[in-house]
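Chemist: Next one to model:
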Amino acid sequence: DVGLLVGSTPAAARKPMLASLAAGDLPVLIGTHALIEEGVQFKNLALTVVDEQHRFGVGQRLAVRQKAERTPHFLSMTATPIPRTLGLTLFGDLDISILGEMPPGRQPVKTRMVPPEKRADAYTFIRKQVNAGRQVFVICPLIQESDKLGVRSATQELEKLQRDVFPELASRIALLHGRLKSAEKEAVMAGFQRGDVAILVSTSVVEVGIDIPNATVMMIEGADRFGLAQLHQFRGRVGRGREESWCFLFTDAEDPQSLKRLQAVVTNQSGFDLAEIDLELRGWGDLAGYRQHGKDFKMASLLDAVLISDAQSEAVRLLDRDPALDGEPALRRQLSAYRQVFALD
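Modeler: Down below sits the predicted model:
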């Protein structure tokens, strides 16, 4: 009664599955972005659950709605709400539930910002962790070197760690990125899960869906190149066992805005708190359109609960007075556009 649809699902299995789905004989379908492709049709879609919501754009979420004649119930889950979603919850357009407790036995991940002069100390700490039988993630913004961006790449980092930093661990340091073939990626991850690989150098492909309880260190190169949500997701790859874990944010940045963002990650363990900071820094985008961040109008404070409550009360009074908004044609047009993209958010 449960189907699985992903990009690699063979045509021989895909065709009868989609036929069963369209006929209403398959009650539950789990999948990746493959679920929103053309040809995937539900007879009576009643509930949509989106995990890792921040990985989907507005248009992709809207595509799910178009799979049904009526708008289905919608449950969105994420450790790091995007600014647009948080903005919608602030205006009362989304109900929200927060799981504020960690799973039993887990400890908060200790997060530190590492300037260039402290790099050697961090390497010494990582060596001690590996010698104690633990494992390490090393995240880089790029696969290959770039003269324009001037940040460390995954391939560069692999060579440096094997040759200069941890030569005694060279055979236990592996590379993972999106350009590897599926079989190569699976082999690397299998080695990491078995413990054969002690240090995994990777790009952002490990941001979600990776569970290695023995990994206790997340080392992020060029941390200022990542967004708050990504940094929090990376941090969530460690601290999944009972051992104490650390997240090191390596940066050469000196501009105040970048350092402010990184300090927010150091100070805040909650993804929701980080989402609020992200909202303040980037804005919530176009709530009646497709942009998921940016500032379209000014408020004394983006998180001014009293002002938002007053605006909601005024909206209710206006609708009681003029339900069809006949006297507010510009507002009626804006709401019509809003409904089109808000259907699943």
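
Chemist: where does this structure dip in pLDDT?
Modeler: Within the chain, the stretches with pLDDT under 70 are 54, 57-58, 61, 65, 82-94, 145-151, 282-305, 308, 337-345.

Chemist: And the helices in it?
Modeler: 11-23, 58-65, 83-90, 119-131, 154-160, 182-194, 228-235, 256-267, 271-282, 305-321, 329-342 (DSSP state H).

Chemist: Tell me which of these sits most buried.
Modeler: Scoring these by mean neighbour count under mean count of other CB atoms under 10 Å gives helix 228-235 as the most buried, with a mean of 24. Every C-beta, even on glycine, is put in place using the N, C-alpha and C of the backbone.

Chemist: how about the strands in the stretch 1-150 of the chain?
Modeler: 2-5, 28-31, 47-51, 73-77, 110-114, 135-139 (DSSP state E, counting those that start in this stretch).

Chemist: okay, now the closest residue to residue 153 other than its chain neighbours: neighbour count?
Modeler: Leaving aside its sequence neighbours, residue 153 sits nearest to residue 142 (CB to CB, 6 or more residues apart in numbering; 4.3 Å). Number of residues near residue 142 (other CB atoms under 10 Å) recorded here: 20.

Chemist: thinking again about what came up before, export the helices of the chain to CSV and tack on distance to residue 169?
Modeler: CSV is the format used below for the helices of the chain (distance: least, CB to CB, whole Å):
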stretch, distance to residue 169
helix 11-23, 42
helix 58-65, 40
helix 83-90, 40
helix 119-131, 6
helix 154-160, 12
helix 182-194, 13
helix 228-235, 21
helix 256-267, 27
helix 271-282, 32
helix 305-321, 51
helix 329-342, 50
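
Chemist: so which of those helices gets nearest residue 98?
Modeler: helix 271-282 (6.0 Å; CB to CB).

Chemist: Does anything pack onto that closest one? Which helices or strands?
Modeler: For helix 271-282, the packing partners by 3 or more CB pairs under 8 Å, 6 or more residues apart in numbering; DSSP states H and E come out as helix 83-90, helix 228-235, helix 256-267.

Chemist: other SSEs contacting the last one?
Modeler: So that's helix 256-267. strand 110-114, helix 228-235, strand 246-250, helix 271-282.

Chemist: Turn those into CSV, columns for distance to residue 179.
Modeler: Converted to CSV, those look like this (distance: least, CB to CB, whole Å):
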stretch, distance to residue 179
strand 110-114, 28
helix 228-235, 19
strand 246-250, 23
helix 271-282, 29
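
Chemist: Can you check which of the ones you listed gets nearest to residue 102?
Modeler: When the helices and strands packed on helix 256-267 are compared by CB to CB, helix 271-282 sits nearest residue 102, at 11.9 Å.

Chemist: Centre of the chain to that closest one, how far?
Modeler: Put simply, helix 271-282 sits 13 Å off its chain's centre (CA atoms, centre = their mean, to the nearest Å).

Chemist: returning to what we had before: go through the strands of the stretch 1-150 of the chain and pick out the most buried.
Modeler: Ranked by mean neighbour count under mean count of other CB under 10 Å, the strands of the stretch 1-150 of the chain are led by strand 135-139, which reaches a mean of 24.

Chemist: one step back: pipe the strands of the stretch 1-150 of the chain into CSV and attach distance to residue 186 per row.
Modeler: Shown next, in CSV, are the strands of the stretch 1-150 of the chain (distance: least, CB to CB, whole Å):
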stretch, distance to residue 186
strand 2-5, 17
strand 28-31, 19
strand 47-51, 22
strand 73-77, 26
strand 110-114, 30
strand 135-139, 17
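
Chemist: between these, which gets nearest to residue 170?
Modeler: strand 135-139 (13.9 Å).

Chemist: Now the closest one - C-alpha only, PDB.
Modeler: Provided in PDB are the C-alpha atoms of strand 135-139 (Å, rounded to 0.1, in the frame of the first residue of the first chain):
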ATOM      1  CA  GLN A 135      34.900  10.600  12.700                       C
ATOM      2  CA  VAL A 136      34.900  14.000  11.100                       C
ATOM      3  CA  PHE A 137      33.100  15.900   8.300                       C
ATOM      4  CA  VAL A 138      35.000  18.600   6.400                       C
ATOM      5  CA  ILE A 139      32.700  20.800   4.300                       C
END
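
Chemist: name the helices or strands packed onto it?
Modeler: In this structure, strand 135-139 packs against helix 119-131, strand 199-202, strand 215-220, with contacts taken as 3+ CB pairs under 8 Å, 6+ apart.
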